[in-house]
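Novice: pasting the sequence and the predicted coordinates here, then a few questions.
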Amino acid sequence: MKILHVIHSVDPRSGGPSHAIRSLLSAQIAAGKDVSLLATTTQSAEPWEPRERYVEIMLADPSFFGAEVHLGRAYGRRHPLNRFAFSPDCNRWLHRTLSEANTRPDLVHIHGTFSHLTNSAARAARKFRVPYIVRPAGNLDPQCFRMGSHWLKQIFTQFTLRTDLCHAAFVHAMSEDEEQAILSWLPENRIHVIPHGIAIPEINDDNSRQELYARFPELRGKRVLLFLGRIAAIKRPEVAVRAMAQLRLDFPDSVLLIAGHDAGHLSETRDAVESCGLTDDIVFSGFLSGRLKQAALTVADVFVLPSIHENFGVAVVEAMAHGTPVVVTPEVATHVFVDNSGAGLTVPGNADAFAEAIARILSANPMEMGLRGRQYVEKHLTWPVVETELTSFYKMAIRQTRRHISPELNHD
């Protein structure tokens, strides 16, 4: 099966979708699929790399080995244009690839909405009668829809997005919570829920842990609470900071590691640290990836995510896979995995509730709780399991499109 994945940006600093696409490509290549990837050169955060250097770094990512990858030049770096980046290069590549029988994929999997590229991919797929599915990545949730440049999203929806969704074979939701949000756009029989997969990590890599301790010696010998993700208002890292303030007396050996790049909320988070008098108890590591990210998840005693909304929350499942207990809000879609496995606690998104939940875990048996989470991921959320389900989904989408395709779509 030949699959083309399309995503606005593969900059790992952009969050969950860019990480998901890497793991998905690796799993499909391992399963023998013929995989291609199209993305723009849009970068998600400063410091900006020169375009040629950025492309070089992305193409050297081992996750993309074995796939044909094209990164097309995009115009518009600053917000909000970076979210709607115009890419004639990608548009030309799409038409060239989809118009030729020997390069045309069996299916196009579009990740995200509200960008020139994702709309171009849907239009090209319709023009050349290629089945396509759309994974909104949470963008259709009312809360996300209202955030950021909502007026641009409304224009985009009116002129392009509704058509793209209407003619998609299916819409791919990552969780039942996301499915509920999409129901206001499409009927239930057009939506298919398949979660994000996870590779089971090696958790006995002492070299990586020592590398993390060497870089952040404040963590050595401490109980580590971990917040891992973009430092954004929607993720509310300040709730974790205020919970930490309540835990100091009972757990004086604890430290909060905030790992992520600034997505517009770093100043407010630092203000919360200072107002709570926690300057010596909070470590800001910046964006972590690779071995350091794995080490942070391994050394953490508790993972915390007090988000207002997460259509999935891949970091939660990553923590579970590392055997780390989790405290999340009900607004994080993956809380169902936490609840089903007994891998942590789901509590209201305030400092009192988070402090109480963290204290309960630290005072009980966090290793046993973490083991339950890892076993749950091994059984239900590994990439071989998810990839098999996706393959069946793709075949269904291809059959659906061939059954209902009509000549007028060729003139979209």
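Specialist: Structure received.

Novice: how many other residues sit next to residue 37?
Specialist: 24 (other Cβ atoms under 10 Å). In short, each C-beta sits where N, CA and C put it, glycine included.

Novice: I figured it hits residue 64, correct?
Specialist: Yes - contact criterion Cβ atoms under 8 Å: residue 37 and residue 64 qualify, at 6.7 Å.

Novice: can you list residues touching both of these two?
Specialist: Taking Cβ atoms under 8 Å, 6 or more residues apart in numbering as the criterion, residue 37 and residue 64 both touch residue 25.

Novice: mind jotting down where the helices sit in the stretch 201-350 of the chain?
Specialist: For the stretch 201-350 of the chain, applying DSSP state H, counting those that start in this stretch gives helices covering 206-215, 237-247, 266-275, 290-299, 314-321, 335-341.

Novice: buried residues in the third one?
Specialist: Looking back up the chat, that one is helix 266-275. By 16 or more other Cβ atoms under 10 Å, the buried positions in helix 266-275 come out as 266, 269-270, 272-273.

Novice: need those residues in CSV with pLDDT, can you?
Specialist: Below are the buried residues of helix 266-275 laid out as CSV (pLDDT from 0 to 100):
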residue, pLDDT
266, 96
269, 97
270, 97
272, 96
273, 97
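
Novice: let's have those residues in a markdown table, adding distance to residue 183.
Specialist: Converted to a markdown table, the buried residues of helix 266-275 look like this (distance: Cβ to Cβ, whole Å):
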| residue | distance to residue 183 |
| --- | --- |
| 266 | 35 |
| 269 | 34 |
| 270 | 39 |
| 272 | 36 |
| 273 | 40 |
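
Novice: any weak-confidence spans in the stretch 301-412 of the chain?
Specialist: Under the criterion pLDDT under 70, the flagged ranges of the stretch 301-412 of the chain are 404-412.

Novice: for stretch 374-393, measure first residue to last.
Specialist: 26 Å (Cα to Cα, to the nearest Å).

Novice: in that stretch, what counts as buried?
Specialist: Across stretch 374-393, burial judged by 16+ other Cβ under 10 Å covers 374, 376-377, 380-383, 385-387, 390, 393.

Novice: from those, which is closest to residue 134?
Specialist: Using Cβ to Cβ, residue 393 is the member of these that lies nearest residue 134, at 12.6 Å.

Novice: how about the closest one, secondary structure?
Specialist: Under DSSP: H, G, I helix; E, B strand; the rest coil, residue 393 falls in the helix class.

Novice: how near is it to residue 399?
Specialist: According to Cβ to Cβ, to the nearest Å, residue 393 stands 11 Å off from residue 399.

Novice: got it, and residue 327?
Specialist: Distance of residue 327 to residue 399, computed by Cβ to Cβ: 43 Å.

Novice: more crowded one of the two?
Specialist: Between residue 327 and residue 399, residue 327 has the larger neighbour count (other Cβ under 10 Å), namely 28 against 12.

Novice: leaving out chain neighbours, which residue sits closest to that one?
Specialist: Spatial nearest neighbour of residue 327, excluding adjacent residues (Cβ to Cβ, 6 or more residues apart in numbering): residue 357 at 4.6 Å.

Novice: check whether that neighbour really touches residue 345, as I assumed.
Specialist: Yes - using Cβ under 8 Å, residue 357 is in contact with residue 345, at 4.3 Å.
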